[in-house]
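A.B. asks: next comes the sequence, and after it the predicted model I'd like to discuss.
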Amino acid sequence: MRPDAAPGQGHERDRRSSGWRALSVLFVLCIGVIAVLALRNARKPPPHARAEILLPQVRVRRVGIAEVPVVVRGFGTVSPKVEVDIVPEVAGRVVYVHSELKTGGLIRAHERILQIDPLDYELAVRQARAGVEEAQARLDVETAEAQLRRRLNPEAEPDSPLVDREPQIRQARASLESAKAQLAVAERRLQRTAISLPFDVLVAGEAVDLGHYLTPGQAVAKAYGTDAFEIEVGLEDRELAWIDELKEYLTLDADSTGARRLAVDVKATLAGGRRTWDGHIVRAAGRVDGSSGTVPLIVEVQRPLDVVGDRPPLLPGTSAEVLVAGGTLENGVAVPRDAIADGNRIWLVQDGRLHMQEVDIAWADEAFAYVASGLPDGAAVVTGPMDDLVEGMQVRTQPDVAERGKRDHLETETLYDKERQ
């Protein structure tokens, strides 16, 4: 307080200052209350949205009625048509072994595979030839002596066969024949010291080397003929019914056996790719498999080891698929196997609702079931998911754009067209 100010004036100023502060605080509070009320009145309650119920979704595929070519498929294992054990027929020490006489080696027809020491057998041939010469000389002597006796007594009638030496001549001829037979045996044994085969072979195993002493009947190697391999394929009776040409294979008429060569395709996965060989059904196995009820047919593949382009050889032990073109299923429908439920039932979507339909399945492979009747043209077939489906249920649909499975149905049509040409 300034010294010259009166005491009453100072107190008056303090009262006025306190009043203004109180009015300011009150004004701010009023403004805040007014703002809060204004915001509350301006805020609108959120709208009440109705919860949308999502229907189950299924994948469907539209199918159409068409002429479906029948291709019967069977499976089997490649095996050699000719399998031989290489066995010596004479005893002796091995003096030569073919360089390809090892597992996986290929030996051509008439090439020498093994050579047994021939010295003893060559000596036996020389000895047998000497025996032939000796027997021939004896016969010549007896014949000459008989002729001499007849010239000396041309008019004499012999009262005994001994006069013309007929017994001696017959004995000499018999000795000559025996000597010739012994020579033939010796020459044949000499030939057998060299072992070969009349056809190309693939060596499957060997147990011989230079210096080994072999005895007759001792197996020294196993080999497969490479001219042809075979596949035994079991087909069911309903599959045989689609292929008229197969019925003649079930007969036992030997006269027509040689003419049976129904063309088929043989497929196998080798070297990272699906490969195809030409094959022929050549005969039936003449029995019915008791465990599966199938009829085994024998498929033959010629020159299976030939390399054509990038196709590798077809080796024994390979699992193969055989495709046989048959007739045509009129008004048939190809349905993915995944769409089949309970053996012969299919879920359809009609007007947004599920409907179970029984169908008549003519035949099936791993990828498709081929329906003969029971499906309308353009039907929407449910391919998945198949769990918890109920008759009449409302569903949403999604087009099925998945791959057709392990087999492409177009492959069936291509094979059928090729076989009909």
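C.D. replies: The structure has been received and is ready for your questions.

A.B. asks: and the end-to-end length of stretch 224-238?
C.D. replies: By CA to CA, to the nearest Å, the extent of stretch 224-238 from end to end equals 35 Å.

A.B. asks: okay, strands next: where are they in the stretch 201-350 of the chain?
C.D. replies: For the stretch 201-350 of the chain, the strands defined by DSSP state E, counting those that start in this stretch cover 201-206, 213-214, 221-225, 228-235, 262-270, 273-284, 295-302, 319-336, 340-341, 345-350.

A.B. asks: between the ones you listed, which one is closest to residue 173.
C.D. replies: strand 213-214 (38.4 Å; CB to CB). All C-beta spots, glycine's among them, are computed from the backbone N, C-alpha and C.

A.B. asks: what are the contacting residues of that closest one?
C.D. replies: With contacts defined as CB atoms under 8 Å, 6 or more residues apart in numbering, strand 213-214 is touched by 88, 91-94, 116, 208, 220.

A.B. asks: hmm, back to that, out of the strands of the stretch 201-350 of the chain, which is closest to residue 54?
C.D. replies: When the strands of the stretch 201-350 of the chain are compared by CB to CB, strand 345-350 sits nearest residue 54, at 16.5 Å.

A.B. asks: got JSON lines for the strands of the stretch 201-350 of the chain, with distance to residue 195 and mean pLDDT too?
C.D. replies: Conversion of these to JSON lines gives the following (distance: least, CB to CB, whole Å; pLDDT from 0 to 100):
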{"stretch": "strand 201-206", "distance to residue 195": "12", "mean pLDDT": "92"}
{"stretch": "strand 213-214", "distance to residue 195": "10", "mean pLDDT": "94"}
{"stretch": "strand 221-225", "distance to residue 195": "9", "mean pLDDT": "94"}
{"stretch": "strand 228-235", "distance to residue 195": "23", "mean pLDDT": "93"}
{"stretch": "strand 262-270", "distance to residue 195": "32", "mean pLDDT": "90"}
{"stretch": "strand 273-284", "distance to residue 195": "30", "mean pLDDT": "89"}
{"stretch": "strand 295-302", "distance to residue 195": "26", "mean pLDDT": "91"}
{"stretch": "strand 319-336", "distance to residue 195": "32", "mean pLDDT": "87"}
{"stretch": "strand 340-341", "distance to residue 195": "58", "mean pLDDT": "86"}
{"stretch": "strand 345-350", "distance to residue 195": "64", "mean pLDDT": "89"}
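
A.B. asks: what's the closest of these to residue 74?
C.D. replies: Nearest to residue 74 among the strands of the stretch 201-350 of the chain is strand 228-235 (3.6 Å), distances taken as CB to CB.

A.B. asks: quick check: the gap between residue 144 and residue 175.
C.D. replies: For residue 144, the distance to residue 175 equals 16 Å [CB to CB, to the nearest Å].

A.B. asks: more crowded one of the two?
C.D. replies: Between residue 144 and residue 175, counted using other CB atoms under 10 Å, the more crowded position is residue 175 (17 against 11).

A.B. asks: what sits against that one?
C.D. replies: Under the criterion of CB under 8 Å, 6+ apart, the neighbours of residue 175 are 135, 138-139.

A.B. asks: looking at the residues you listed, which is nearest residue 231?
C.D. replies: Minimum distance to residue 231 across the contacts of residue 175 is 56.7 Å, recorded for residue 135 (CB to CB).

A.B. asks: which of the contacts of strand 213-214 are buried?
C.D. replies: The neighbour-count test (16 or more other CB atoms under 10 Å) applied to the contacts of strand 213-214 identifies 88, 91-92, 94, 116, 208, 220 as buried.

A.B. asks: good, we can wrap up now.
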